[in-house]
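A.B. asks: generate coordinates for the sequence data below:
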Amino acid sequence: MAIPWAVLATKIPWRSLLVASPEIVHGAKKLYQSFKAKPDARAEPSLSPAPAGSDAENIANLEQRLLALEGKLDELGVQQESAADLINALAEQNAAVVKAIDVLRVRTRFLIYVCGALVIVLIAIGAWLALA
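C.D. replies: Numbering: from 1, shown residues only. Model prediction:
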């Protein structure tokens, strides 16, 4: 079943979206700055009890698990930072789209006025020709 795009486009609250866009951009930039400003905090992972064995084996096993968890934590930090970068880029693109839509709205209003004036001129020319 095909999506009726015209109906779908009319159901989107464009005015609300355009009004809320600056707030969205501001919130995304604030989120981006909070991710950039926070120091790299290390959370202590909860470790399950090690299996029975010698102390040296348990310590080696715990060190290995700790290194693995630190690597995962670093990886998650990088992913979180890249997600914040993406959110910031999307917010900037959204702001650019809103500005473009505003320009198009103004141009459309101008063209409507010009077309109305041309219709009036054509009616006047038709009336003049009919009387002549």
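
A.B. asks: from here on, just use CA atoms for contacts and neighbour counts.
C.D. replies: OK.

A.B. asks: just the pLDDT at the residue positioned nearest the centre of the chain, thanks.
C.D. replies: The chain has residue 90 as the residue nearest its centroid, 3.5 Å off, counting by C-alpha atoms, centre = their mean. Looking at residue 90, its pLDDT is 83.

A.B. asks: and what of residue 60?
C.D. replies: With respect to pLDDT, residue 60 scores 89.

A.B. asks: any stretches of the chain with poor pLDDT?
C.D. replies: 1-3, 5-9, 11-12, 35, 37-53 (pLDDT under 70).

A.B. asks: list the contacts for residue 32?
C.D. replies: 84, 85, 87, 88 (C-alpha atoms under 8 Å, 6 or more residues apart in numbering).

A.B. asks: so it is in which element?
C.D. replies: Using DSSP states H and E, residue 32 sits in helix 14-37.

A.B. asks: in that helix, which residues are buried?
C.D. replies: 18, 21, 22, 24, 25, 28, 29, 31, 32, 35 (16 or more other C-alpha atoms under 10 Å).

A.B. asks: how much space is there between the residue nearest to the centre of the chain and residue 114?
C.D. replies: Plainly put, residue 90 is 36 Å away from residue 114 if you go by C-alpha to C-alpha, to the nearest Å.

A.B. asks: go through stretch 81-96 and flag the buried ones.
C.D. replies: 84, 85, 87, 88, 89, 91, 92, 94, 95.

A.B. asks: next: stretch 69-85.
C.D. replies: Going by 16+ other C-alpha under 10 Å, stretch 69-85 has these buried residues: 70, 73, 77, 84, 85.

A.B. asks: could you do stretch 104-120 as well?
C.D. replies: Under 16+ other C-alpha under 10 Å, stretch 104-120 has no buried positions.

A.B. asks: chain center to it: distance?
C.D. replies: Once both centres are worked out by C-alpha atoms, centre = their mean, to the nearest Å, stretch 104-120 turns out to sit 33 Å from its chain's centre.
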